[in-house]
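1. Let me see the structure of the following:
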Amino acid sequence: MKKNIFVLMSSVLVLGAALAGCSTGNGNGAAPAGNESKKSEDSKASSNQTLRLNLASEPPTLDPGLTEDATSGAIVRSTFDGLTRLGEDGKPHNSVASDIKISDDLKTYTFTLRDSKWSNGDPVTAKDYEYAWKRVLTPKTASSYAYQLYYIKGAEAFHKGKGKLEDVGIKAINDNTLEVTLENPTPFFLELTAFYTYYPINQKVDTENPDWAKNAKTHVGNGPFKLDTWEHKSKILLTKNENYWDKDSVKMEKIEFSMIDDGNTELSMFDNGDLDWAGKPVGDLPTDVVPIKKAEGALKMKPTASIYWYKFNTEKAPFTNAKIRKAFAYAVDRKAIVENITQAGEQPALGILPPTMAVKPEGYFKDNDAATAKKLLDEGMKELGISKLPSISLSFNTLEGNKKIAEAIQDQWKKNLGVDVKLENTEWKVYIDKLHQGNYQIGRMAWSADFNDPINFLELYRDKKGGNNDTNWENPKYKELLIKSASEPNPEKRTQLFAEAEQIIMDEMPVIPIYYRTQNWIQNDKVKGVLLDALGFVDYKWSYIAE
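-> Model prediction:
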């Protein structure tokens, strides 16, 4: 169980003060703390170091500046490396940065880069980081995660066309020194530098070929593995990157990813010995198999700071009306879904923030509140001046679990509200584009924390066109509270700001919280060292096959 996030934040602020002007790195190139246990078991490694996995969907991109989903993120995290990298303890440790100094006011970070290379042999420089981060902020790049860099001075102003690029607080002092100035002290900033939006890209490669990330022949990374093969909708092969600065810590020679979007087929491949791992975080197990494997003791489960929810397009009738949105949210029986469909220790979600970050653990409404839902629906229809709802569709990406949940909620809405809902499913890449373009009424999504702070969930809906919003909802007061929280040094006052903000979003309900997720999977017992942390990130850097 994680410590309360605000206690942790307080500690980080103190730690930040202690580190001001001091180095956080040892500069010796050692593996991050928290992974020593893997190192002690290295002698048990098999001679065959090939890990076989399945991706339940095609990665939409392998460009870190454009990555926004868990599937792409798993590959990108394997093929790139940040200034920091998360260890087994869930904390950021020096990676490409051998040394980090923080100013007395906690707003300026100076990163000293170790000597490292790109997979094509080019040196990785501070200029590559500066270029990559400013590229994310450049509007024409259309990065959904540009807002993750708003903690940097001048970044938001530039991205929104209100400031100049030269005023953004990212500067390569020389090839090995990167200076970053923040708008406000940000205790989780080093966690951000471990996130893929903050990864570097090879400036020379991107300048010469902007499409470099679209195929294996031109893809260039700086991570523990390199992209060897990408056969779309078929397979991805990663091989060990001999140019990686910490290659001695990498034991796995190959990672083979199949691309099968059917959980039953994935399970059969595992049972037949063709896969070493089946299920989350990048695959999918059939929902009816989960309780069987759990009873057998084969199922592995890990709670994550993650939520499964439905989004409303608040600009499409009838979901322009908050009461109608709340009616659909209240009419969902979450308990039935987690007990009869997902069955892997999930918790019903009655708010936005997951349990480890919750500011109101009891939630904001009652689960399966059919009476209130029906009343709100009637009131909302009167406000819109309609006696009959227009045609309503629920969209989701192709996976058996998504389909079963959608069918269950379709039945619940029919029973509790008397509403007929049409189901629409498409494969992931098409689906995510559909949501971003606003071509939906209700759409299934999930969100896993990018760093350990409530702002990461709440800021999704700060701006109407905020990259990952998709609901087209915006509230001035909500936005004001989040902006104020960024400069609030008192953890208790910051918690109160978050509570007020979450109350607003639950009053207007642009999303339907359904359940807090767990990762569940089965694996070959010989697979060791796969890092799956409390945020849901997977890292294969330290993985290996034991004898």
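2. Contacts only, for the residue nearest to Lys117 when sequence neighbours are not counted.
-> Distance criterion CB to CB, 6 or more residues apart in numbering; nearest residue to Lys117, sequence neighbours excluded, is Asn243 at 4.2 Å. Just so you know, the C-beta spots here come from the backbone N, C-alpha and C atoms, and that holds for glycine as well. By CB atoms under 8 Å, 6 or more residues apart in numbering, the contact set of Asn243 is Lys117, Trp118, Ser119, Asn120, Gly121, Asn222.
3. of the residues you listed, closest to Thr50?
-> Nearest to Thr50 among those, counting by CB to CB, is Ser119 at 19.1 Å.
4. circling back to that earlier point, helix or strand for the residue nearest to Lys117, which one?
-> Here Asn243 is covered by no helix or strand, with elements defined by DSSP states H and E.
5. Likewise for Arg325?
-> Using DSSP H and E, Arg325 maps to helix 322-330.
6. bridging residues for the closest residue to Lys403 other than its chain neighbours?
-> Among residues not flanking Lys403 along the chain, Asn425 sits closest, at 6.5 Å (CB to CB, 6+ apart). The partner list for Asn425 in beta bridges (DSSP bridges) reads Phe396.
7. burial count for Asn425?
-> By other CB atoms under 10 Å, 15 other residues sit near Asn425.
8. what's the spacing between it and Gly443?
-> Relative to Gly443, Asn425 is positioned 11 Å away (CB to CB, to the nearest Å).
9. the helices in the stretch 51-200 of the chain, which residues?
-> 70-79, 126-137, 155-159, 189-192 (DSSP state H, counting those that start in this stretch).
10. Neighbours of Lys217, how many?
-> Lys217, neighbours per other CB under 10 Å, totals 10.
11. And for Ala126?
-> Neighbourhood size, Ala126 [other CB under 10 Å]: 24.
12. related to what we said a few turns ago, and the contacts of the helix holding Arg325?
-> Residues outside helix 322-330 that contact it (CB under 8 Å, 6+ apart): 312, 314, 318-319, 365-366, 368-370, 372-377, 379-381, 383-384, 413, 417, 419, 442, 507-510, 512-513.
13. Could you count how many residues lie near the residue nearest to Asp369 when sequence neighbours are not counted?
-> Leaving aside its sequence neighbours, Asp369 sits nearest to Tyr330 (CB to CB, 6+ apart; 4.4 Å). Using other CB under 10 Å, Tyr330 has 24 other residues around it.
14. Which pLDDT value goes with Tyr330?
-> At Tyr330 the predicted local distance difference test score is 98.
15. Quick check: it vs Gly363, distance?
-> Distance, Tyr330 to Gly363, by CB to CB: 12 Å.
16. Check Asp115 too.
-> For Asp115 relative to Gly363 (CB to CB), the value is 51 Å.
17. tell me the contacts of Trp309?
-> Trp309 makes contacts with Ala349, Arg444, Met445, Ala446, Trp447, Val511, Ile512, Pro513, Ile514, as judged by CB under 8 Å, 6+ apart.
18. what's the neighbour count on Asn490?
-> Other residues near Asn490 number 11, with proximity taken as other CB under 10 Å.
19. Between the two ends of stretch 305-322, how far is it?
-> Criterion CA to CA, to the nearest Å; first-to-last residue distance in stretch 305-322 is 27 Å.
20. Poorly predicted segments of the chain, please.
-> For the chain, the stretches with pLDDT under 70 are 1-43.
21. ok, now with 90
-> Along the chain, the parts satisfying pLDDT under 90 run over 1-47, 88-90, 429, 448-452, 465-468, 486-487, 489, 533-537.
22. so what's the nearest residue to Lys526 once chain neighbours are set aside up against?
-> Leaving aside its chain neighbours, Lys526 sits nearest to Ala546 (4.7 Å; criterion: CB to CB, 6+ apart). By CB under 8 Å, 6+ apart, Ala546 lies in contact with Glu41, Lys44, Ala45, Ser46, Lys526, Val527, Lys528.
23. Sketch out the strands for the stretch 201-350 of the chain, chain order is fine.
-> Using DSSP state E, counting those that start in this stretch, the strands of the stretch 201-350 of the chain run over 225-231, 235-240, 254-259, 277-279, 300-312, 347-348.
24. Deepest in the core, which of these is it.
-> Here the criterion is mean neighbour count by mean count of other CB atoms under 10 Å, and of the strands of the stretch 201-350 of the chain the winner is strand 277-279, at a mean of 25.
25. Name the residue most distant from the centre of the protein?
-> No residue in the chain sits farther from the centre than Ser387, which is 40.6 Å out by CA atoms, centre = their mean.
26. which residues touch the residue most central in space within the chain?
-> Residue closest to the average C-alpha location in the chain (CA atoms, centre = their mean): Ser448, at 4.5 Å. Listed by CB under 8 Å, 6+ apart, the contact set of Ser448 reads Ala70, Thr304, Ala305, Ser306, Arg517, Leu535, Gly536, Phe537.
27. Let's see that with 6 Å instead.
-> Neighbour list for Ser448: Ser306, Gly536 [criterion: CB atoms under 6 Å, 6 or more residues apart in numbering].
28. and it, what are its bridge partners?
-> With DSSP bridges as the criterion, Ser448 is bridged to Ser306.
29. Run a quick neighbour tally on Ala371.
-> 11.
30. And it, which helix or strand is it part of?
-> Assigned by DSSP H and E, Ala371 belongs to helix 370-384.
31. buried stuff in that helix?
-> Across helix 370-384, burial judged by 16 or more other CB atoms under 10 Å covers Ala370, Ala373, Lys374, Leu376, Leu377, Gly380, Met381, Leu384.
32. One more: stretch 457-470?
-> Neighbour counts using 16+ other CB under 10 Å place Phe457, Leu458, Glu459, Leu460, Tyr461, Arg462, Asp463, Gly466, Gly467, Asn468, Asn469, Asp470 of stretch 457-470 among the buried residues.
33. can you pull the contacts of the closest residue to Tyr515 other than its chain neighbours?
-> Distance criterion CB to CB, 6+ apart; nearest residue to Tyr515, sequence neighbours excluded, is Glu346 at 4.4 Å. Taking CB under 6 Å, 6+ apart as the criterion, Glu346 is in contact with Val338, Tyr515, Thr518.
34. I'd say the second one and Tyr308 touch.
-> Yes: distance between Tyr515 and Tyr308: 5.2 Å, which falls inside the contact criterion (CB atoms under 6 Å).
35. circling back to that earlier point, what's the spacing between the residue nearest to the centre of the chain and Gly385?
-> In this view, Ser448 and Gly385 are 40 Å apart by CB to CB.
36. Distance from the helix holding Arg325 to the middle of the chain?
-> Put simply, helix 322-330 sits 27 Å off its chain's centre (CA atoms, centre = their mean, to the nearest Å).
37. Same question for stretch 239-253.
-> Here the centre of stretch 239-253 is set off from its chain's centre by 25 Å, with CA atoms, centre = their mean.
38. So what would you say the end-to-end distance of it is?
-> 6 Å.
39. One more: stretch 188-204?
-> Termini of stretch 188-204 sit 30 Å apart (CA to CA).
40. what does it rub up against?
-> By CB under 6 Å, 6+ apart, stretch 188-204 touches 64, 67, 73, 76, 80, 82-86, 92, 118, 128-129, 131-132, 145, 148, 220, 450-451, 453.
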